[in-house]
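Trainee: Structure here, sequence nowhere to be found:
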């Protein structure tokens with residue numbers, strides 16, 4: 001029998017709903033993350049904001065490093081293609097398969 005190696009480091013994008021505020025300067029501030037099953041997690045603190053490809057070559061858009069329940073997480077924002085004028089973008093997280 002042959003065994004197929006499993007890449008345990010492989011991650012995939014999971015799109016999530018994010019409640020977001022914009023301050024007077026236009027800075028986007030994510031406030032909570034809601035998974036497709038309805039679980040909602042409040043973002044306790046935003047620690048950092050950078051282009052997403054700094055953390056992962058296969059990620060596009062922007063990455064917010066946030067604190068949720070005392071754990072540091074990366075939350076990504078992917079701007080929409082300009083052909084979709086009514087869409088600004090969407091949020092995702094990277095999860096293990």
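Mentor: Received, thanks. Every value quoted in this text rests on a predicted model; they were computed, and no experiment measured them. Numbers count the residues shown, from 1 in each chain.

Trainee: For the rest of this, base every contact and every neighbour count on C-alpha atoms.
Mentor: Noted.

Trainee: Give the buried residues for the helix or strand in which residue 30 is found.
Mentor: Following DSSP states H and E, one finds residue 30 within strand 28-34. Within strand 28-34, the residues that count as buried by 16 or more other C-alpha atoms under 10 Å are 29-31, 33.

Trainee: what separates it from the chain centre, distance-wise?
Mentor: With C-alpha atoms, centre = their mean, to the nearest Å as the basis, strand 28-34 stands 10 Å off its chain's centre.

Trainee: ok, residues contacting that strand?
Mentor: 16-23, 40-44, 46 (C-alpha atoms under 8 Å, 6 or more residues apart in numbering).

Trainee: Most neighbours out of these, which is it?
Mentor: The residue in the contacts of strand 28-34 with the most neighbours, by other C-alpha atoms under 10 Å, is residue 18 (22 neighbours).

Trainee: who's in contact with that one?
Mentor: 30-34, 91.
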